[in-house]
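Chemist: For reference, the sequence and a predicted model appear below.
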Amino acid sequence: MAQKKNFLDAMQERILLFDGAMGTEIQRFNPKPEDFPDGKDGFNDGLILTHPEWIKKIHRNYLEAGADCIETNSFGSNKLKLDEYGYGDKTVEINRKIAELASDVVSEFSDKPRYVIGSMGPTGFLPSSNDPDLGQISLDEIKKAYELQAEGLILGGSDALLIETSQDILEVKLAIEGAQEAMKKTKKVPLIANVTLDQYGKMLLGTNVQAAYTTVSDMGIDVFGLNCSTGPIEMTSSVRWLDEQNELNLLVVPNAGMPENEGGQAVYKMTPEKMADALHDFISKYKKVRIIGGCCGTNPSHIAALRKVIDSTK
């Protein structure tokens, strides 16, 4: 196969399809505490060490459903999160392994270029807040936590980095800076910065989409995005505003609808067809939307439905 086209070039040529949820797909394997490293129940990213075949299967299922891009199973693998499981000193090594595994699966597919997206989720801290537990952490510590993660993801072969499900715009800034430091040591890759908005268009600490976009849009990122928290319908006004700026390309990766509480569990009920209809609307109306995919509650059926939508709008 010819050399793979650069991720940003591919995005200009066609709308790219990301994969769906990882956590709920892991749950399908019905993991027990002993399945995780050191019996640390819930250490999903650590399954790279104990059950890499599970993660490969999830990646493969999404690629077979038509995804152009898969996100690495590294959502909670910044150093601060890994510290909670006793693996913080292995941040670079673990992220590298996670990205290499995703790259291995991508290499199984030769029908068209596929891309590995290095996922970087929140640290669990809120540096903008005055909360005595969540706000009392040095900014340098957060930046370094992301720098080490980004370094590992790039070394493992990620085609782009994705800062996602961000609740605090200051943390997004620190993650961008950390990723850029990592690129100085490794190589430059495209950088996507996502924020997570509630149904009223605001981040957890009250930052609206306009302020969030203005804060990070000139920091050298390549794509700005929205993911998680709500379904596509609740994102509409924010996507419209972002598209009107006519600046950065946009990513839209919603949940399968708003979460509903059933027996203490969050349940997502938007069908693949309904989600595909909503995102068809976005890619038809908003020319800056160049990446779509699924977050919580989505599975390979949702991604297959989105594939049909993209293919039908060419």
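Modeler: Looks like it arrived, so ask away. Numbers count the residues shown, from 1 in each chain.
Chemist: List the buried residues in the helix or strand that Ile94 is a member of.
Modeler: Secondary-structure assignment from DSSP states H and E places Ile94 in helix 91-106. Applying a neighbour-count criterion of 16 or more other CB atoms under 10 Å, one finds 91-92, 94-103, 105-106 buried in helix 91-106. All C-beta spots, glycine's among them, are computed from the backbone N, C-alpha and C.
Chemist: Which one of these is nearest to Ala65?
Modeler: Nearest to Ala65 among the buried residues of helix 91-106 is Val105, at 13.2 Å by CB to CB.
Chemist: close enough to count as contact, the closest one and Leu63?
Modeler: Yes - contact criterion CB atoms under 8 Å: Val105 and Leu63 qualify, at 6.8 Å.
Chemist: which neighbours do these two share?
Modeler: With contacts taken as CB atoms under 8 Å, 6 or more residues apart in numbering, Val105 and Leu63 have Ile70 as neighbours in common.
Chemist: And for Gly39, the neighbour number?
Modeler: Other residues within reach of Gly39, judged by other CB atoms under 10 Å, total 11.
Chemist: change the start of the numbering to 57 and stick with it
Modeler: Noted, 57 is the first residue going forward, which turns the last one into Gly95.
Chemist: Leaving out the residues flanking it, which one is nearest to it?
Modeler: Excluding the flanking residues, the one nearest Gly95 by CB to CB, 6 or more residues apart in numbering is Pro89, at 4.9 Å.
Chemist: Repeat that for Lys135.
Modeler: Ala201 (3.9 Å).
Chemist: gap between Asp337 and Glu127?
Modeler: As judged by CB to CB, to the nearest Å, Asp337 and Glu127 stand 24 Å apart.
Chemist: higher neighbour count, those two?
Modeler: Each of Asp337 and Glu127 has its neighbours counted (other CB under 10 Å); Glu127 has more, 27 against 16.
Chemist: Isn't the more buried one up against Phe74?
Modeler: Yes - using CB under 8 Å as the test, Glu127 is close enough to Phe74 to be in contact (6.6 Å).
Chemist: which residue ranges form the strands in the stretch 207-356 of the chain?
Modeler: In the stretch 207-356 of the chain, the segments counted as strands under DSSP state E, counting those that start in this stretch are 216-219, 247-251, 279-283, 305-309, 316-318, 321-323, 345-348.
Chemist: So which elements touch the last one?
Modeler: The one in question is strand 345-348. With contacts taken as 3 or more CB pairs under 8 Å, 6 or more residues apart in numbering; DSSP states H and E, strand 345-348 sits against helix 63-69, strand 72-73, strand 279-283, strand 305-309, helix 328-341.
Chemist: Out of the ones you listed, which gets nearest to Glu207?
Modeler: Set against Glu207 and scored by CB to CB, those come closest in helix 63-69, at 18.5 Å.
Chemist: And the contacts of the closest one?
Modeler: 61, 72, 124, 169, 171, 215-216, 245-246, 278-279, 305, 346-347.
Chemist: filter those residues to the buried ones?
Modeler: Neighbour-count burial (16+ other CB under 10 Å) applied to these gives 72, 124, 169, 171, 215-216, 245-246, 278-279, 305, 346-347.
Chemist: Test my guess that Ile348 contacts Val308.
Modeler: Yes - using CB under 8 Å, Ile348 is in contact with Val308, at 5.4 Å.
Chemist: shared neighbours of these two, anything?
Modeler: Taking CB under 8 Å, 6+ apart as the criterion, Ile348 and Val308 both touch Leu335, Phe338.
Chemist: for Cys352, what are its contacts?
Modeler: Residues near Cys352 by CB under 8 Å, 6+ apart: Ala77, Gly79, Thr80, Cys284, Asn311, Ala312, Pro315, Ala322, Tyr324.
Chemist: at 6 Å instead, please
Modeler: Under the criterion of CB atoms under 6 Å, 6 or more residues apart in numbering, the contact list for Cys352 reads Ala77, Asn311, Tyr324.
Chemist: Quick check: closest non-adjacent residue to the second one.
Modeler: Going back to what we said before, that points to Asn311. Per CB to CB, 6+ apart, closest to Asn311 is Cys352, 4.3 Å.
Chemist: I'd like the distance between that neighbour and Asn134.
Modeler: In terms of CB to CB, Cys352 sits 20 Å off from Asn134.
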